[in-house]
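Asks: sequence and predicted model, in that order:
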Amino acid sequence: MEAMRTLLSKEGFVEVHTPRIIASATEGGAALFPVEYFEQEAFLAQSPQLYKEQLTLSLEKVFEIGPFFRAEESHTRRHVNEFISVDIEEAFATEEDVMNVLEKLIQHVCKAINERCRRELEILKHQVKVPEVPLERFTYKEILEELEGEKIHVPWGEDLPTQACRKLGSLHPNFYFIIEWPTESKTFYIKPRDDNPTLCEGFDLMWQWVEIASGGTRVHSKEFLIQRLKAQGLNPESFKYHLKAFDYGMPPHAGWAIGLDRLMMMLTGRKNIREVILFPRDRFRLTP
Ligand code: ATP
């Protein structure tokens with residue numbers, strides 16, 4: 001975290017804090033924990049997405065490191081219900097600009113771990129390879145074709161199921177980006193490509209079989225964002241405070257979120273996310 005803070009601050013990002021108690025969902029009602037908030041209904045935030053986008057209006061480059069909450073029931077080795085997210089959002093930037101920041105950050109963190117945590121790595125009997133940048137980039141189409149060659153069929157537009165990710169992990173033992181996702185597979189605020197709107201400017205950063213981060217260029221036109229909300233079956237009225245910020249002139253912007261706990265799994269060579277969290281919270285664990 002210290003290495004991340006140092007690099008992001010050096011790159012001109014301002015550290016911010018957005019609310020953990022929110023009135024409506026970032027991405028429609030799914031996966032939210034409700035909380036009793038006096039006379040009103042409220043939820044625990046699942047991401048700082050909308051707030052960090054709004055902050056690019058005034059601060060241009062922001063980052064946040066903090067816990068977020070997902071009420072998803074999936075009980076896997078890479079999901080917990082409270083996780084630490086490292087988020088950035090940058091004005092006047094595209095997918096490619098923020099991917100550059102991300103790969104620089106990953107490289108910087110791997111170097112810092114090697115320099116400062118030699119003893120810990122010895123105890124863990126684990127080595128951290130410093131990746132060369134730019135990291136490899138594969139399109140979603142290329143990934144689907146590669147999987148097809150391995151007799152794993154993923155229907156176009158769908159997220160990659162665990163079995164497909166496992167196979168990718170054996171084919172790609174390091175970090176790599178998956179780019180050019182179908183627009184329908186990503187959420188409403190990811191910008192469709194100008195040259196082919198069926199594809200979008202969203203990306204995932206993978207490490208072996210695990211998705212470590214995802215991000216992209218955002219939609220910055222208010223009218224188009226309303227259109228995208230409706231297309232995904234969401235009610236623009238629930239997003240009225242977010243949409244209001246656009247009236248002040250939203251700059252084009254892009255950003256990403258890394259799951260710190262998933263990155264820690266990679267850095268320590270652990271196979272289960274619970275091993276790198278002091279007090280994990282999952283579907284069946286609420287104490288200690
Ligand atoms: P997944 O498809 O693996 O469930 P997601 O697409 O829901 O992840 P995003 O909403 O894009 O994830 O969140 C960005 C990053 O936050 C992910 O790449 C991951 O590193 C981390 N993250 C998201 N949900 C969880 C979770 N339940 N537990 C741990 N980390 C998570």
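Replies: Okay, I see it.

Asks: for whichever residue of the stretch 151-288 of the chain sits closest to the ligand, what are phi and psi?
Replies: Of all residues in the stretch 151-288 of the chain, G259 sits closest to the ligand, at 2.2 Å by CB to the nearest ligand atom. Bear in mind the C-beta positions are built from the backbone N, C-alpha and C, glycine included. Note on G259: its backbone torsions stand at phi -80, psi 110 [degrees, to the nearest 10].

Asks: which SS class is the residue nearest to it when sequence neighbours are not counted?
Replies: Spatial nearest neighbour of G259, excluding adjacent residues (CB to CB, 6 or more residues apart in numbering): F83 at 5.6 Å. Secondary structure for F83, judged by DSSP: H, G, I helix; E, B strand; the rest coil, is strand.

Asks: leaving out chain neighbours, which residue sits closest to E15?
Replies: F63 (5.8 Å).

Asks: so the one you found lies in a strand, does it not?
Replies: Yes - assessed by three-state DSSP, F63 belongs to a strand.

Asks: partner residues bridging it?
Replies: E15, I88 (DSSP bridges).

Asks: contacting residues for it?
Replies: By CB atoms under 8 Å, 6 or more residues apart in numbering, the contact list for F63 reads L8, F13, V14, E15, V16, V86, D87, I88, E89.

Asks: what about S185, neighbour count?
Replies: 16 (other CB atoms under 10 Å).

Asks: for E132, same thing?
Replies: 11.

Asks: from L260, how far out is it?
Replies: According to CB to CB, to the nearest Å, E132 and L260 sit 23 Å apart.

Asks: if we can go back for a sec, what confidence value was assigned to the residue of the stretch 151-288 of the chain closest to the ligand?
Replies: Predicted confidence (pLDDT) for G259: 98.

Asks: list the beta-bridge partners for it.
Replies: Beta-bridge partners, per DSSP bridges, of G259: S85.

Asks: roughly how far apart are it and R70?
Replies: Counting by CB to CB, the gap from G259 to R70 is 11 Å.

Asks: neighbour count winner among those two?
Replies: Taking neighbours as other CB under 10 Å, G259 and R70 compare with G259 leading, 22 against 18.

Asks: thought the more buried one was touching W207?
Replies: No - with contact defined as CB atoms under 8 Å, G259 does not reach W207; the gap is 10.6 Å.

Asks: what sits against A245?
Replies: Contacts for A245 were tallied using CB under 8 Å, 6+ apart; they are E53, Q54, L57.

Asks: same deal with R218?
Replies: Counting by CB under 8 Å, 6+ apart, R218 touches E53, Y189, I190, K191, P252, H253, A254, G255.

Asks: try 6 Å this time
Replies: R218 is in contact with Y189, K191, H253, counting by CB atoms under 6 Å, 6 or more residues apart in numbering.
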